[in-house]
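Colleague: Fold the following, please.
(2 chains)
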Amino acid sequence: MSDDDDLVFKALADPTRRALLDRLFVRDGQTLTELESELAMTRFGVMKHLRLLEDAGLVVTRRQGREKLHFLNPVPIRSIHDRWIDKYTEHHTATLLDLKAELERDDPKEKP
Amino acid sequence: MTTTTTTGTTKVYRVYIKATPQAIWDAITKPEWTRRYGYQGIAEYDLRPGGTYRALAIPEHQEAGMPEVPVEGEVIEVDPPVRLVQTWRATWLDEPATRLTYEIAERGEGVSSLTVTHELAGAPQTLAQVAGEIEGAGGGWAEVLSDLKSLLETGSPLYA
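Modeller: Numbering: from 1, shown residues only, chains lettered A, B, ... in the order given. Below is the predicted model of the structure:
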């Protein structure tokens, strides 16, 4: 499924598209109007980015009445993760990510 | 879609699998398959509207503190091998039952898509659980579906 992986990486290689995913992560199931409200971009531009995210499987849409809602689909990212990180090493990776997050906090609880 | 979605409390997951809709249907509804991926619960389905659903934890997981029946629910709609709607309640949480919809569609060239819509209004802890947000409690639907894809495409799960 390397073609699929290519689509995921290409979709993620853009700050606007990552910002769209971040917004869906915070609140899932948003309309185009909601998603474009905080982006300095035309409606058409946002639609284009959403289309690329949808093609990569990172966004799934559902119709609700007259509205089209956008949902973040983490499965393709999980599959890429699973390909290189097994359950055993996952623990160590998570520990290192926690450490990084802790060290990079703006306001650490206590400085070393 | 007739499904009512509420912003923020509905989760939609989709995975494309090189498998027939029937193979995916079996992997969701037959215990000999559910045993082999994800949380390895043993599914007990009475596949008719009003029928019961129970997921039984395997002995190893029960020893690790999981309840005998971690998930229970009621079958609402059955249309094999394309659509299954049921309720889904995490028995160890004091939260209302949630609504779960499986939709399977043939996409051509031997590939089928499985879309899982989980409506979790009023069940924030269940949502955190199935979204994989609880540390040490597994990766939720994303992990389960990625594992299911691996099992059906390669014959072995990711975490054999």
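
Colleague: use CA for all of it now, contacts and neighbours both
Modeller: Fine.

Colleague: Is the lengthiest helix in chain B in proximity to chain A?
Modeller: Counting residues, the longest helix found in chain B (DSSP state H) is helix B:140-154. Yes. Helix B:140-154 is in contact with chain A by C-alpha under 8 Å from any C-alpha of the partner chain, via B:141-143, B:145-146.

Colleague: okay, the residues you listed in a markdown table with distance to A:Ala11 next?
Modeller: Below are the residues of helix B:140-154 next to chain A laid out as a markdown table (distance: C-alpha to C-alpha, whole Å):
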| residue | distance to A:Ala11 |
| --- | --- |
| B:Trp141 | 22 |
| B:Ala142 | 18 |
| B:Glu143 | 21 |
| B:Leu145 | 21 |
| B:Ser146 | 19 |
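
Colleague: neighbours of the nearest residue to B:Pro157 once chain neighbours are set aside, just the number please.
Modeller: Among residues not flanking B:Pro157 along the chain, B:Leu151 sits closest, at 4.3 Å (C-alpha to C-alpha, 6 or more residues apart in numbering or on different chains). Residues lying near B:Leu151 (other C-alpha atoms under 10 Å in any protein chain shown) number 21.

Colleague: so how far is chain A from B:Leu151?
Modeller: 12 Å (C-alpha to the nearest C-alpha, to the nearest Å).

Colleague: Hmm, B:Tyr37 and that residue touching each other?
Modeller: Yes. Taking C-alpha atoms under 8 Å as the definition, B:Leu151 is a contact partner of B:Tyr37 at 7.0 Å.

Colleague: which residues are in contact with both of the two?
Modeller: Common neighbours of B:Leu151 and B:Tyr37, counting by C-alpha atoms under 8 Å, 6 or more residues apart in numbering or on different chains, are B:Pro157.

Colleague: What ranges does chain A have for its strands?
Modeller: Here chain A has its strands, by DSSP state E, at A:59-64, A:67-72.

Colleague: what's the most buried one of those?
Modeller: Comparing those by mean neighbour count (mean count of other C-alpha atoms under 10 Å in any protein chain shown), strand A:67-72 ranks first with a mean of 21.

Colleague: Leaving out chain neighbours, which residue sits closest to the residue positioned nearest the centre of chain A?
Modeller: In chain A, the C-alpha nearest the mean C-alpha coordinate belongs to A:Leu21, at 3.7 Å (C-alpha atoms, centre = their mean). Leaving aside its chain neighbours, A:Leu21 sits nearest to A:Leu72 (6.5 Å; criterion: C-alpha to C-alpha, 6+ apart).

Colleague: can you give me the helices for the chain?
Modeller: Reading this off chain A. For chain A, the helices defined by DSSP H cover A:2-12, A:15-26, A:32-36, A:43-55, A:75-84, A:87-103.

Colleague: switch to chain B, that's the one I care about
Modeller: Going by DSSP H, chain B shows helices at B:21-29, B:31-34, B:59-63, B:124-130, B:140-154.
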